[in-house]
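Model the following, please.
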Amino acid sequence: MEQLHSKQLTKNEDLGKSAQEFVDISEIRDNVVVLKNGTLRAVLMVSSINFELKSSQEQEAIVASYQNFLNSLDFPVQILVSSRRLDIDPYLELLDQKEKTQENELLRFQIADYRNFIKNLVGTANIMTKSFYIVIPFALTEGKKETFLDKIKVALNPKQALVEKRMEFENYKNQLWQRVEHISAGLGGSGIRMVPLGTKELIELFYNSYNPTVVEPAERIETEKLELNRI
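I've put the predicted structure just below:
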């Protein structure tokens with residue numbers, strides 16, 4: 001039994017290592033994604049706007065502002081749209097609790113009727129939630145390879161090499177956040193709100209991306225309800 005358990009652990013560890021080989025992420029720290037090739041990524045979560053409900057003057061202003069934003073870019077960006085199935089069960093449980101604690105009979109009847117409507121709606125259609133992101137790269141170190149002299153330097157003075165590596169990371173991170181500020185300022189005129197994802201949010205984003213079967217909980221706050229602050 002112990003031998004079988006040991007083999008099972010080894011198999012799971014090998015499977016984990018094999019999966020990690022297909023992930024380009026080296027680490028996530030200080031609100032920055034570090035890829036295996038040394039490049040950095042910052043991710044902005046952005047709100048959406050209902051373009052069709054805007055007046056013709058507002059639509060023209062939004063298009064002109066977005067055009068100016070694109071013309072101001074001297075680096076590539078990636079626009080990511082994430083669609084996930086919404087798990088409505090926690091919301092239905094909340095309505096059920098409200099119904100049981102409601103003393104007003106009319107309001108209790110309305111809550112029950114609304115809960116049944118939501119339950120039937122979800123049963124006949126897949127309710128999807130969409131999230132919008134802008135991925136901002138900084139690729140100054142892309143393609144940089146460690147030379148033989150660099151390896152000798154690290155071996156002779158590992159502490160100094162570690163300090164220099166941290167300083168290099170801070171320098172590149174500051175330049176990356178300058179790009180983030182440029183994106184935020186450029187899109188601010190279009191009425192779009194945005195917020196950079198922190199380390200915890202980045203881990204959650206990539207976990208959900210590599211686990212598409214995981215549903216989105218209904219209690220998650222929508223983008224429009226977030227307190228999005230412009231940088």
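
which other helices and strands contact the longest helix seen in the chain?
Of all segments of type helix in the chain, defined using DSSP state H, the longest is helix 158-188. Where contact means 3 or more Cβ pairs under 8 Å, 6 or more residues apart in numbering; DSSP states H and E, helix 158-188 is packed against strand 32-35, strand 40-46, helix 56-72, strand 128-138, strand 194-196. For every residue, glycine as well, the C-beta is placed using N, CA and C.

Figure out which of those is closest to K119.
Shortest distance between K119 and the helices and strands packed on helix 158-188, using Cβ to Cβ, is found for strand 128-138: 17.2 Å.

Now that closest one: buried residues?
Buried residues in strand 128-138, counted by 16 or more other Cβ atoms under 10 Å: T129, S131, F132, Y133, I134, I136, P137, F138.

which element is the residue most central in space within the chain on?
Centroid-nearest residue in the chain, with Cα atoms, centre = their mean: L205, separated by 4.2 Å. Using DSSP states H and E, L205 maps to helix 199-210.

could I have that helix exported to PDB, CA atoms only?
Only the C-alpha atoms of helix 199-210 are listed here, as PDB (Å, rounded to 0.1, in the frame of the first residue of the first chain):
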ATOM      1  CA  THR A 199      -0.800  39.700  -7.200                       C
ATOM      2  CA  LYS A 200      -3.800  37.900  -5.700                       C
ATOM      3  CA  GLU A 201      -6.100  39.000  -8.600                       C
ATOM      4  CA  LEU A 202      -3.500  38.000 -11.200                       C
ATOM      5  CA  ILE A 203      -3.100  34.500  -9.700                       C
ATOM      6  CA  GLU A 204      -6.900  34.100  -9.700                       C
ATOM      7  CA  LEU A 205      -7.100  35.300 -13.300                       C
ATOM      8  CA  PHE A 206      -4.500  32.800 -14.600                       C
ATOM      9  CA  TYR A 207      -5.900  30.000 -12.500                       C
ATOM     10  CA  ASN A 208      -9.300  30.500 -14.000                       C
ATOM     11  CA  SER A 209      -7.800  30.800 -17.500                       C
ATOM     12  CA  TYR A 210      -6.100  27.400 -17.100                       C
END
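
Next, the angle from it to strand 128-138.
120 degrees (axes from the mean of the first three to the mean of the last three Cα atoms, to 10 degrees).
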